[in-house]
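Peer 1: Need coordinates for the below:
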Amino acid sequence: MSAQCPYRVVREPAEVREVLHRPDDFGPANALLAVTPLSGPALRILQGARFALPPVLASNDTSSHPGIRKVVAGFFTPATVESMEPRIRQLAKEAAYEAANGLAAAGSVELVQAVAALPPAVVMLEMLGLPVRDLPELKAWSLDSLELFWGWPGPERQLELARSAADFYRWLRKLVLESVASPGRNLFTSLHEHGLSTPEICSLGYFLLIAGQETTTQLISTALFRLAEGSMGIAWDEATSKDKATELVRRVLADESSVPTWRRVASRDTELNGEAILAGEEVLLELTGNHAGAGASAPKGPLPYGLAFGSGIHRCLGAKLAELEAAVVVEETAAALPGATLHGPEPEWIRLLSFQAPRTVTVARLGSWAKAGTC
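Peer 2: You can find the predicted model right below:
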């Protein structure tokens, strides 16, 4: 560790996996803590919204975790994910069709907003049994909250982000209370029936509503950027194949997932690979970018990106959903915009401690086509 990096960085995949599979030694208590400590004024803004994040899921190392995880997992079963593929494809086709029309009209189109942003949010809310509404606000709140908790904002920027997080939390608390009082199955009602309090449900929902869709948007964005760039060994028009689109997404997951790192903290004095680690020492785990065989020659199957979604008792419950959504959006976008290529300057990237993606992916057409394809 150093003043510049206050974490013990673990890069070797076998060691990363070992840490994740030793929850008694390396706990998740720091998983959701702000990288940049929140200032007094920022905390007062959050307190004004009754903002509270008691440990419930990702940061929970108590005996309550398995039961809560089981409730949430019930909304992401393999059968449920599989049943959502037609809906995912419908949303992807519609978005790609609109993008193709925009490209035909203007000569270029920005794909993050056109095809990557909204489908994951719609799918997530529908799977959780929650109303699909306020999507532009949800997307903006999500990016702001990621920066607030995993970025390095200066004092004024932190206040802006805190105001956004407070607005998000007020919206979320209202949604939780509304959902619990509504008939029918939804995640918040199920958590309430499991015995969680309103603050606990809000805590779980706060990061789930971000992680359940924004990280998938970022995965899609990186996949489309690398595809258009031509750096992954798969041509744009090849990605119209389901197999090639899936292969591309798996390579991105291995090389530069939208969640490249995650944190743990030593719960007690222990050791890793023969080195002593003191209780309280924070560990930064590199989940992607260090896999043998990653990149253009990566073998098929789960091994090359096996850590992209974590491992062990806190592994991402939406892993299969995210991979499916990303592959379908890539496939449908490539089909609707044949011959597309990157356009304009290198985009600005989101670069946070645990999140990364290009903010924009602008493409133009090679050659010409008379009109967009049909849905």
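
Peer 1: Look up how far K244 lies from L32.
Peer 2: Counting by Cβ to Cβ, to the nearest Å, the gap between L32 and K244 amounts to 36 Å. For every residue, glycine as well, the C-beta is placed using N, CA and C.

Peer 1: Then I88?
Peer 2: Taken as Cβ to Cβ, the span from I88 to K244 is 18 Å.

Peer 1: helix/strand/coil for V109?
Peer 2: Of the three states, V109 takes strand under DSSP: H, G, I helix; E, B strand; the rest coil.

Peer 1: Report the contact partners of it.
Peer 2: By Cβ atoms under 8 Å, 6 or more residues apart in numbering, the residues touching V109 are A99, A100, G102, L103, L337, T362, V363.

Peer 1: From those, which land in strands?
Peer 2: In strands, judged by DSSP state E, the following of the contacts of V109 are found: T362, V363.

Peer 1: Top of the contacts of V109 by number of neighbours, please.
Peer 2: Within the contacts of V109, most neighbours by other Cβ atoms under 10 Å means L337, with 30 neighbours.

Peer 1: Report the separation between the nearest residue to that residue once chain neighbours are set aside and P347.
Peer 2: Excluding its sequence neighbours, the residue lying closest to L337 (Cβ to Cβ, 6 or more residues apart in numbering) is A100, at 5.3 Å. Applying Cβ to Cβ, the value for A100 to P347 is 20 Å.

Peer 1: What of R89?
Peer 2: Going from R89 to P347 by Cβ to Cβ gives 27 Å.

Peer 1: what's the answer for V35, then?
Peer 2: For V35, the distance to P347 equals 23 Å [Cβ to Cβ].

Peer 1: which residue is nearest the centroid of the chain?
Peer 2: T215 (1.7 Å; Cα atoms, centre = their mean).

Peer 1: residues in contact with that one?
Peer 2: Applying Cβ under 8 Å, 6+ apart, we find T215 in contact with S258, V259, A322, F355.

Peer 1: Would you list the phi and psi of it?
Peer 2: Main-chain torsions, T215, degrees, to the nearest 10: phi -70, psi -30.

Peer 1: what about the strands in the stretch 201-350 of the chain?
Peer 2: Using DSSP state E, counting those that start in this stretch, the strands of the stretch 201-350 of the chain run over 261-266, 270-272, 275-277, 282-286, 340-342, 349-351.

Peer 1: shaky segments in the stretch 251-375 of the chain?
Peer 2: Applying pLDDT under 70 to the stretch 251-375 of the chain picks out residues 291-305, 367-375.

Peer 1: now the helices for it?
Peer 2: 319-336 (DSSP state H, counting those that start in this stretch).

Peer 1: Let me see the contact set for the closest residue to L111 other than its chain neighbours.
Peer 2: In space, and not counting its chain neighbours, L111 is closest to V361: 4.4 Å by Cβ to Cβ, 6+ apart. Counting by Cβ under 8 Å, 6+ apart, V361 makes contact with E110, L111, V112, A116, S221, L224, F225, A228, L342, P347.
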